[in-house]
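**Student:** no letters, just coordinates:
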């Protein structure tokens, strides 16, 4: 029977990241990750299907936070306000103490083409997330506005996140997301009159 | 020596799509595609590195059209107007007579998970296209506005394209792209006052 290991998942994640960062993702095995924190390979595989999953664990929770944020917006909120609420909910999953972990994770991913592709795929999944657009439609937002709003929210999150993990950045992720969302509003508001396609 | 085959690429593309659509992508070989239009397998491989490439040929030209559209915007155009110009240039690559081909291509891709992933990757590449953001920065747009504008342009294009190939849709792709861009402006303009994160 599986023995319950308190905090095993978190310890495995921290150890894996440290090993990936120092020795390179390809060079590290699941068994080594487990051993480095005094756990067995079997325990590792109770928590993660493979070593790559260590880096991508929590996606579902992240997507759910977005949807919960949509649902948390007050009735009558505009689509933009709904997206602001979704961004706040998702950004709040990344408190300041997680920034070093997120930075290190990104540098591991940036060094490995297959991991970069997986990450890009994950972000595209968020952008295409039918669940967020569906939550907006359930509130009465039509199409294409619901899909546009959902994808714009993903764009804003991605840009804000990249800024958050930049060296020297001290603002919180929710604050940066708010700033980037304002930039989007400014961007689409800078045209004199209606934007025209030539 | 390679013999020049007038229109060989286009004939191979049309034949491949027809075969993929009727028999399934996995079931068709490069040799069969070539034979169906009286060409040799060697000719096929002078034009495409593999049968998958038939479906993704032209990406570079598409991305270039986006960048050219940025450059074609008049000096002093707002970032939104620049994106409108880029969208128009890219959308103009898809005239009405190409719609049946694009529809058939999409249905082939939708039926194959590996092709779907490749397509998603391609769209993410457009969204992350440094070239469009760079062209905007070269015009004086700062960050994150340049990246936001580039990614929003990709979002608008993706939504417009999906609409363009829907059954029964008769508007041109440039017109739909213009409509979706207006939706984005409306979306970010519907908040009463500044959008607030809770």
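**Tutor:** Everything's here; your move. Nothing here was measured: the structure is a model prediction, and the numbers come from that model.

**Student:** mind checking the SS state of the most centrally placed residue in chain A?
**Tutor:** The centre of chain A sits closest to residue A:62, judged by CA atoms, centre = their mean, with a distance of 5.9 Å. Put simply, residue A:62 is helix when judged by DSSP: H, G, I helix; E, B strand; the rest coil.

**Student:** report pLDDT for it.
**Tutor:** You'll see residue A:62 listed with a pLDDT of 85.

**Student:** check residue A:115 too.
**Tutor:** Note for residue A:115: predicted pLDDT of 89.

**Student:** residues of stretch A:64-71 that come out buried?
**Tutor:** Across stretch A:64-71, burial judged by 16 or more other CB atoms under 10 Å in any protein chain shown covers A:65, A:66, A:67, A:69, A:70. (C-beta placed from N, C-alpha, C; glycine too.)

**Student:** if we can go back for a sec, can you tell me how far the residue nearest to the centre of chain A is from chain B?
**Tutor:** Plainly put, residue A:62 is 17 Å away from chain B if you go by CB to the nearest CB, to the nearest Å.

**Student:** is that residue in contact with residue A:93, as I believe?
**Tutor:** Yes: counting by CB atoms under 8 Å, residue A:62 does reach residue A:93; the two are 6.2 Å apart.

**Student:** can you read off the backbone torsions of residue A:142?
**Tutor:** phi -80, psi -180 (degrees, to the nearest 10).

**Student:** how much space between it and residue A:136?
**Tutor:** In this view, residue A:142 and residue A:136 are 9 Å apart by CB to CB, to the nearest Å.

**Student:** please apply the same query to residue A:82.
**Tutor:** 6 Å.

**Student:** what of residue A:159?
**Tutor:** For residue A:159, the distance to residue A:136 - CB to CB - is 20 Å.

**Student:** so these two - more neighbours on which side?
**Tutor:** Neighbours per residue, other CB atoms under 10 Å in any protein chain shown: of residue A:159 and residue A:136, the larger number sits with residue A:136, 26 against 23.

**Student:** so who does the more buried one touch?
**Tutor:** A:70, A:79, A:82, A:145, A:146, A:149, A:150 (CB atoms under 8 Å, 6 or more residues apart in numbering or on different chains).

**Student:** cool, residue A:57 as well?
**Tutor:** A:9, A:13, A:48 are the contacts of residue A:57 under CB under 8 Å, 6+ apart.

**Student:** for the first one, the count of nearby residues, please.
**Tutor:** The local packing count at residue A:9 equals 17, with neighbours defined by other CB under 10 Å.

**Student:** what sits closest to it if chain neighbours are left out?
**Tutor:** For residue A:9, ignoring the flanking residues on the chain, the nearest one in space by CB to CB, 6 or more residues apart in numbering or on different chains is residue A:47 at 4.7 Å.

**Student:** that neighbour against residue A:15, yeah?
**Tutor:** No: judged on CB under 8 Å, residue A:47 makes no contact with residue A:15 at a distance of 11.8 Å.

**Student:** just checking, what packs against the helix or strand of chain A with the lowest mean pLDDT?
**Tutor:** Within chain A, no helix or strand scores below helix A:113-127, which has a mean of 77 by mean pLDDT, DSSP states H and E. Secondary-structure packing of helix A:113-127 (3 or more CB pairs under 8 Å, 6 or more residues apart in numbering or on different chains; DSSP states H and E): helix A:51-56, helix A:59-72, helix A:99-110, helix A:145-164, helix B:113-127.

**Student:** quick one: the third one to helix A:113-127, angle?
**Tutor:** Read it as helix A:99-110. With axes from the mean of the first three to the mean of the last three CA atoms, to 10 degrees defining the directions, helix A:99-110 sits at 120 degrees from helix A:113-127.

**Student:** which elements pack onto helix A:99-110?
**Tutor:** Using 3+ CB pairs under 8 Å, 6+ apart, the elements in contact with helix A:99-110 are helix A:8-23, helix A:51-56, helix A:113-127, helix A:145-164.

**Student:** and the shortest one, what's buried?
**Tutor:** What it means is helix A:51-56. In helix A:51-56, counting by 16+ other CB under 10 Å, buried: A:51, A:54, A:55.

**Student:** list the contacts of the first one.
**Tutor:** Contacts for residue A:51 (CB under 8 Å, 6+ apart) come out as A:16, A:25, A:28, A:29, A:30, A:33.

**Student:** and what of residue A:174?
**Tutor:** A:87, A:88, A:91, A:92, B:197.

**Student:** among those, who's most crowded?
**Tutor:** residue A:87 (29 neighbours).

**Student:** isn't that residue up against residue A:158?
**Tutor:** No: with contact defined as CB under 8 Å, residue A:87 does not reach residue A:158; the gap is 11.0 Å.

**Student:** remind me which residues of chain A are low pLDDT?
**Tutor:** A:1-6, A:125-130, A:190-198 (pLDDT under 70).

**Student:** rerun at 80
**Tutor:** Within chain A, the ranges that satisfy pLDDT under 80 run A:1-6, A:59-60, A:120-130, A:189-198.

**Student:** for chain B, see how far away residue A:41 is.
**Tutor:** 30 Å.

**Student:** so, in contact with chain B or not, stretch A:138-145?
**Tutor:** Yes: remark: stretch A:138-145 sits within contact range of chain B at A:144, A:145, by CB under 8 Å from any CB of the partner chain.

**Student:** so what's the gap between that stretch and the chain middle?
**Tutor:** 24 Å (CA atoms, centre = their mean, to the nearest Å).

**Student:** which parts of that stretch are buried?
**Tutor:** So for stretch A:138-145, counting by 16+ other CB under 10 Å, buried means A:139, A:141, A:144, A:145.

**Student:** ok, stretch A:8-15 next?
**Tutor:** Going by 16+ other CB under 10 Å, stretch A:8-15 has these buried residues: A:8, A:9, A:11, A:12, A:13, A:14, A:15.

**Student:** now the residues you listed in CSV, with distance to residue B:171?
**Tutor:** Compiled in CSV, those are given as follows (distance: CB to CB, whole Å):
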residue, distance to residue B:171
A:8, 56
A:9, 51
A:11, 56
A:12, 53
A:13, 49
A:14, 53
A:15, 55
